[in-house]
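> predicted structure and sequence below. I'll ask about it afterward.
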Number of protein chains: 2
Amino acid sequence: MQSAGLGIAVSLLPDTVIGQSTRSDLLHPTIKPELFSLGIASYTFRSLTLEQTIQVTKKLQISRLCLKSMHLPLDSTEEQIRQAVRKINEAELKLYAGGVITMKSISDVNQAFSYAKAAGMEMIIGVPYPDILSYTEQKIKETGIKVAIHNHGPDDNPYPSPLDAHLAVKNRDKGFGLCVDIGHTVRLGQDLIRIVNQCKDRLLDVHIKDVSAPEKAGTTVEIGRGIIDIPAFLHFMQRIKYAGTLSLEYEKDEKDPIPGSAESIGYLRGIMAVMRR
Amino acid sequence: MQSAGLGIAVSLLPDTVIGQSTRSDLLHPTIKPELFSLGIASYTFRSLTLEQTIQVTKKLQISRLCLKSMHLPLDSTEEQIRQAVRKINEAELKLYAGGVITMKSISDVNQAFSYAKAAGMEMIIGVPYPDILSYTEQKIKETGIKVAIHNHGPDDNPYPSPLDAHLAVKNRDKGFGLCVDIGHTVRLGQDLIRIVNQCKDRLLDVHIKDVSAPEKAGTTVEIGRGIIDIPAFLHFMQRIKYAGTLSLEYEKDEKDPIPGSAESIGYLRGIMAVMRR
C-alpha cells in the first residue's frame, strides 16, 4: 500500500512543509472502472414498481439489470415490453437478462425466448426442466440468446447445486451455462469456491448475496454480515478472470430493501477498491 | 489470500470429491470484531428524530453514537437528557460523544460540560474559540471529559485544518485533542495522511466521509464515490494503531440519508474485511 511508504517519509519532513501540499498524493489519481460489473437482480425490489426499481438502481450507480417477472410479466405484449425497455434505456441502464424464469414445457421455453428477444436481453436466467433441455439448446442455437441455469440450493428444484446445472449443460452448446447463486450454493453446505472452480467453463452470470448459515435454514443478510467469505470469493473470481456480471439478489427486507441493498453494494465496492489498487 | 492456494489444490481433485464437502473452508471461521469501531455522527440523520436515529443506527449494526444538538438540545434539562440517554442505552447503543458543539464564551463551555456530564459522554466534539481555550482546558482537567476540536475546512471557522486545531492543543492537557473531519481536511486541498500523521498524538475522534473534490466546492458523497482514497486512509489508521471511533458524517441527502449512509458503512466494512484477513 502507498500509505506505508508515504507515512514513513512524512515523519521525516519538517513541520513547516506539512500543510503546504495543495493536492493529496493519496487522492484517487483517476476513477478507475470497477473490477467487476455490478448488477441488480430485480427480485431484490419485488415490492417496488419497475419505475422505482429503475430509480433505485440509478441511485446505487449500477447500470445492469436482470428483470424478474413482477417488473415485466412474461405474458406481456411486444408493445408492453418495448415500453418497459424504453424506460430502462432512457435511464441509461442495460437490461442484460431476465429471470429467474422457470421453464417446464416447450411452450414455457418459447414464451421465454420470445420475451427475451423482444426485450433485447443477452441472456435468460432460467430453470429449464430436464425434459426440455434439448429443446432449450435448440432455441439457444437459433436465437443466440444464452441460457444460464440458476441453482436454488436445498429447496425444491431440479438444480440444487451449480454442479447439477453443470451436468445438464456441459455437453451442450456453449451458450448454455450457469448463473451461480452463491447464497443457495452455500446453503447446501457446499464449498463455494471449489464448486465455482469446477463449473467455471460455463459460468455466465452470478447472483451475489450473503447468508446467515451454511444450511437450508440460512437466509439472506446484508453482504458482509453473513458467513460467506466475500473477499475470498472476489479474489477467486479475479483469478479466473470472470468477465460477467455480479448481480445483487438481496432477498431480505422485502418491504424495505433499499438500505440493505445499499450496504451490500457498498461492501462489494469497498473490497473491489482494495483489490484494484 | 486463502483462495489462491485453495483454488489450485481444488483443480487437482477428482470430480467425485467435489460437492461432498459439507462445510466450506472459505466461510468466515469466526466472526471477528471489526478492525475499527464505527460510529454515527447524528448530524447525518438531522431530518430524523432521536428515536428514528436510534432505529437506523441499530439497523446499520453500529453501536456508537455522537449526538448533534437537534437530537438532544444543548439547553435540555437534566431530566430530558436522562430520558434520551435511557432510550439510547435501551437500544444497546453507546452515546460516546456530543457535537459538533460551538463554544464561543465561558457560559457556552459551562453548558457543554454540564450537558456532556449529564449524558455520561466521554467526549465533546467541539469548536472552542481561541479566547476560551484555557478555560476549556481547566474544565477538561476538572471533569475528565475530553474535548476534540473539529476542523471545518475552507468554511468560516477558527480551525480549518487539523493543524490549526493541533496548534491550539499541543501544549495543553492530553484530554484536549482533535476530531479530524477527513472531508473538510481534503476540501482544504491538504494531504490527508500527511496531516493526520502530524496530529496523531492528539487524535481522539474521526468524522469519516468522502467528498467530490479537493476544494471548497467539494461536497459529501457516498463513501467510495468521491476522491478520498479510503483504503489508503484505513491502512494508515491501522498502522498508527488508531483505537478511537470512525464516525460517519454523511451530509448528502438530508431528506433521505439512509441509502447513502448504508452504502458508506458497507464500503468501510468491505475494506476492513480485506484488511483483517
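Cool, the structure landed.
> tell me where the stretch 1-150 of chain A has helices.
A:2-10, A:50-59, A:78-90, A:106-119, A:133-143 (DSSP state H, counting those that start in this stretch).
> so how far is chain B from residue A:252?
11 Å (C-beta to the nearest C-beta, to the nearest Å). Heads up, the C-betas are built off the backbone N, CA and C, glycines and all.
> same check, this time on residue A:69
Following C-beta to the nearest C-beta, the distance that separates residue A:69 from chain B is 25 Å.
> assign a three-state SS to the spatially most central residue of chain A, would you?
Computing the C-alpha centroid of chain A and ranking residues by C-alpha atoms, centre = their mean puts residue A:247 first, at 1.6 Å. Taking DSSP: H, G, I helix; E, B strand; the rest coil as the rule, one finds residue A:247 in the strand state.
> so for it, what's the nearest residue that isn't a sequence neighbour?
In space, and not counting its chain neighbours, residue A:247 is closest to residue A:39: 3.7 Å by C-beta to C-beta, 6 or more residues apart in numbering or on different chains.
> quick one on the thing from earlier: and the helices of the stretch 1-150 of chain A: which comes nearest residue B:75?
Smallest distance to residue B:75 across the helices of the stretch 1-150 of chain A (C-beta to C-beta): 37.7 Å, for helix A:50-59.
> roughly how far out does that closest one sit from the chain middle?
Relative to its chain's centre, helix A:50-59 lies at 16 Å (C-alpha atoms, centre = their mean, to the nearest Å).
> and that helix, is it in reach of chain B?
Yes: Helix A:50-59 lies within reach of chain B by C-beta under 8 Å from any C-beta of the partner chain, at A:56, A:59.
> show me the contact partners of that helix.
The contact list for helix A:50-59, computed with C-beta atoms under 8 Å, 6 or more residues apart in numbering or on different chains, reads A:40, A:42, A:45, A:48, A:63, A:65, A:67, A:71-72, A:84, A:87-88, A:91-93, A:258, A:261, B:259.
> related to what we said a few turns ago, mean neighbour count added to the helices of the stretch 1-150 of chain A, as a markdown table?
Putting the helices of the stretch 1-150 of chain A into a markdown table (neighbours: other C-beta atoms under 10 Å in any protein chain shown) gives the following:
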| stretch | mean neighbour count |
| --- | --- |
| helix A:2-10 | 15 |
| helix A:50-59 | 18 |
| helix A:78-90 | 15 |
| helix A:106-119 | 18 |
| helix A:133-143 | 17 |
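> what ranges does the stretch 151-277 of chain A have for its strands?
A:176-181, A:203-208, A:210-211, A:220-221, A:245-248 (DSSP state E, counting those that start in this stretch).
> what would these look like in CSV with mean pLDDT and distance to residue A:115?
As requested, those are exported to CSV (pLDDT from 0 to 100; distance: least, C-beta to C-beta, whole Å):
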stretch, mean pLDDT, distance to residue A:115
strand A:176-181, 98, 17
strand A:203-208, 98, 17
strand A:210-211, 98, 30
strand A:220-221, 97, 26
strand A:245-248, 98, 18
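> in JSON lines, list the ones you listed along with distance to residue B:142.
Shown next, in JSON lines, are these (distance: least, C-beta to C-beta, whole Å):
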{"stretch": "strand A:176-181", "distance to residue B:142": "60"}
{"stretch": "strand A:203-208", "distance to residue B:142": "54"}
{"stretch": "strand A:210-211", "distance to residue B:142": "48"}
{"stretch": "strand A:220-221", "distance to residue B:142": "46"}
{"stretch": "strand A:245-248", "distance to residue B:142": "52"}
